[in-house]
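1. Got a predicted model here, sequence first, then my questions.
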Amino acid sequence: MKQHLRKGSVVCSTALAPSRSTRSRAWVSNMFENTSVQVFKVDSLGVNENPLHLEEQDRPYEEDLLRNPHNIKSWLRYIEMKSKSPPKVLYMLYERALKQLPGSYKLWYRYLRLRRIHARRLCPGSILHEETNNAHERALVTMHKMPRIWTDYLLFLMSQGFITRTRRTFDRALKALPVTQHDRIWGIYLRFADKHGSGIGETCLRIYRRYVKFAPDDMERFVEFLVGIGNANEAALVLADIINDDNFVSRQGRSKFQLWQQLCSLLVKNPSKVAALKPDPIIRQGISKYTDQVGLLWNSLADYHIRCGNLLRARDVYAEALNTVMTVRDFTQVFDAYAEFEESVAKAKMEALDKSQNTSEEDELDVELHLARLEALMDKRPLLLNSVLLRQNPHNVSDWLKRVELVKPQGAREQINTFMEAITSVDPAKATAGRPSALWVGLAQLYEKHKQLDDARVVFQKATGVTFVHVEDLASIWCEWAEMELRNDRPEEALRLLGKATTAPPRKVDYYDRSEPVQARLHKSLRVWTLYTDLEESFGTFETT
């Protein structure tokens, strides 16, 4: 009598004995006395008759399996002994073993790995590949809670180039496995999405949207995917949400500024694609927030307008930046970018003019205008840099005096305005790099130079009432005023001024007492007395001397 097993089993042609022990001995004896025993493997694609010639060395293993058909070690020893046999022999052994032990992870894992190794030697699409796929499907009937079986199967499907089938298998794996093991599937699933993102972008986009619900802290990977498929609009929105989330911690260890910088770069480089966000207020907010990267952000804003074709607006941005930056580094970054921009525009205009066959006078004037704009920008650099230094420290006397020299080509009126601005800005108590009295003296001397002596006297008169910190500053004002009168042939007025300066106050004052105003301590200034005695000796009478 023959025993017929279902699909996936091994059928052996033998006689059945009435008892177990008698049957075992008779079966083994029969098997090795005959020339061969027909063993059939019911393959996943149908019945495939492959006679297996059992050898003498198989006898002990077969006897052991007849006694203990559910002993996995017996099956593994048998398979190990037959490891050099043809693949189909090993497949039949595994099928027989799995018929007895369908819940053995070790058997399924080794069997499927062996099939994959053999299948990869052939081109995808071969019968062996499909048989291997079917073997995995049969394994998942009992191994659906084993993540390694799923991951190996998914990688094998990906190597065959299946898309829909692979995607559905990924979804099945996520449904079958507990959430705590989903990260093992998602890692491969995202590789699948990255690989096919350009071809099936919408499908892969849905995959990533599902993933960020599972791992919201990995939004940066989602952004990279969106940028890769050209979806800059959604990438910008996701980045903005990340930046606004105070609880977000980057998996890649990036700071908020780096994320902000990426957002700005995305907005600037894709002006036509990003419609959901307005770059101008976003970048300006970054300028006020990240004060150590102001120059870079200003350049990004100008670059955005350049890419939009709005050159006039770009110039306005550069000019605004040069008038607001607070550090020399930021100034250098912005100025160099501005100069490069103007140079490139002028160069493009010149090249277009050279290539054009019909040039008009207006075109030539346009080129000259751009060249003049570039030249004017380069000429203004020292003055713009001086403005940056004064924004850093408006109480720097030396920088104000340098500024007066820089505006000299613009005329005396501009110099006077600069002196007036300096006098208003500098607090004598906070003055650095020079004496604040030098500003008053410089303004008065400028008026004197242009024969406006009355205005010069008004300046000196106002300066004598300033609450300087040091007596030397006030002494300098009085002495310079007296010397101006001498230069203009008014020695009597000079003597009167110095006499007034040396008049002692009603009460006694200590020269070094800083709690007293400098006006009360001026009468003890050695500089004032020295000049006064010299003038008395030269222009005074015997009595006054």
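-> Received, thanks. Residues are numbered from 1 along each chain as shown.

2. could you pull out the strands for the stretch 251-400 of the chain?
-> All residues of the stretch 251-400 of the chain lie outside strands when identified by DSSP state E, counting those that start in this stretch.

3. Now do the helices in it.
-> Taking DSSP state H, counting those that start in this stretch, the helices of the stretch 251-400 of the chain run over residues 256-269, 279-289, 294-307, 311-322, 328-355, 361-379, 381-392, 397-406.

4. Against residue 489, how distant is the residue lying closest to residue 277 once chain neighbours are set aside?
-> Nearest residue to residue 277 in three dimensions, chain neighbours excluded: residue 236, at 5.2 Å (Cβ to Cβ, 6 or more residues apart in numbering). Any C-beta I mention is one placed from the backbone N, CA and C, and that applies to glycine too. Counting by Cβ to Cβ, to the nearest Å, the gap from residue 236 to residue 489 is 75 Å.

5. Those two: who's more crowded?
-> Neighbours per residue, other Cβ atoms under 10 Å: of residue 236 and residue 489, the larger number sits with residue 236, 26 against 8.

6. doesn't residue 266 make contact with that one?
-> Yes. Under the criterion of Cβ atoms under 8 Å, residue 236 makes contact with residue 266 at 5.2 Å.

7. shared neighbours, the two?
-> residue 274 (Cβ atoms under 8 Å, 6 or more residues apart in numbering).

8. before we move on, back to that, determine which stretch of the helices of the stretch 251-400 of the chain is the most buried.
-> Of the helices of the stretch 251-400 of the chain, the one with the most neighbours on average (mean count of other Cβ atoms under 10 Å) is helix 294-307, at a mean of 22.

9. Using PDB, write out every CA atom in that one.
-> What follows is helix 294-307, C-alpha atoms only, in PDB (Å, rounded to 0.1, in the frame of the first residue of the first chain):
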ATOM      1  CA  VAL A 294      23.700  88.100   9.900                       C
ATOM      2  CA  GLY A 295      25.900  88.500   6.900                       C
ATOM      3  CA  LEU A 296      25.100  85.100   5.500                       C
ATOM      4  CA  LEU A 297      21.300  85.600   6.000                       C
ATOM      5  CA  TRP A 298      21.400  89.000   4.300                       C
ATOM      6  CA  ASN A 299      23.200  87.500   1.300                       C
ATOM      7  CA  SER A 300      20.600  84.700   1.200                       C
ATOM      8  CA  LEU A 301      17.700  87.200   1.100                       C
ATOM      9  CA  ALA A 302      19.400  89.200  -1.700                       C
ATOM     10  CA  ASP A 303      20.100  85.900  -3.600                       C
ATOM     11  CA  TYR A 304      16.400  85.100  -3.400                       C
ATOM     12  CA  HIS A 305      15.500  88.300  -5.100                       C
ATOM     13  CA  ILE A 306      18.200  87.800  -7.700                       C
ATOM     14  CA  ARG A 307      16.900  84.300  -8.600                       C
END
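
10. Identify the residues contacting that helix?
-> Identification of contacts with helix 294-307 by Cβ under 8 Å, 6+ apart yields 261, 264-265, 267-269, 271, 279-280, 283-284, 286-287, 290, 311, 313-314, 317-318, 320-321, 325-327, 329-334, 337-338, 341.

11. Could you check the angle that helix makes with helix 311-322?
-> Between helix 294-307 and helix 311-322, the angle comes out at 170 degrees (axes from the mean of the first three to the mean of the last three Cα atoms, to 10 degrees).

12. rewinding a little: give me every residue that touches the residue nearest to residue 277.
-> Residue 236 neighbours (Cβ under 8 Å, 6+ apart): 263, 266-267, 270, 274, 276-277.

13. In which helix or strand does it reside?
-> Under the criterion of DSSP states H and E, residue 236 resides in helix 232-244.

14. before we move on, what about residue 221?
-> In the assignment (DSSP H and E), residue 221 maps to helix 219-228.

15. per-domain residue ranges of this protein.
-> 1-101, 295-392, 395-539 (automatic domain parsing).

16. Wait, a strand at residue 249?
-> No. Counting by DSSP: H, G, I helix; E, B strand; the rest coil, residue 249 is located in no strand; its state is coil.

17. Leaving out chain neighbours, which residue sits closest to it?
-> Nearest non-adjacent residue to residue 249 (Cβ to Cβ, 6+ apart): residue 217, at 6.4 Å.

18. Could you look up the SS state of the one you found?
-> helix.

19. Run through the residues that contact it.
-> Shown in contact with residue 217 (Cβ under 8 Å, 6+ apart): 248-249, 251.

20. Distance of it relative to residue 257?
-> To residue 257, residue 217 is 19 Å away according to Cβ to Cβ.

21. ok, now residue 98?
-> 58 Å.

22. likewise residue 212?
-> For residue 212 relative to residue 257 (Cβ to Cβ), the value is 23 Å.

23. How about residue 107?
-> On the measure of Cβ to Cβ, residue 107 and residue 257 end up 55 Å apart.

24. now residue 422
-> From residue 422 over to residue 257 the distance is 36 Å, taken as Cβ to Cβ.

25. now do residue 318
-> Residue 318 is 22 Å from residue 257, where distance means Cβ to Cβ.

26. and if you look at residue 211?
-> According to Cβ to Cβ, residue 211 stands 26 Å off from residue 257.
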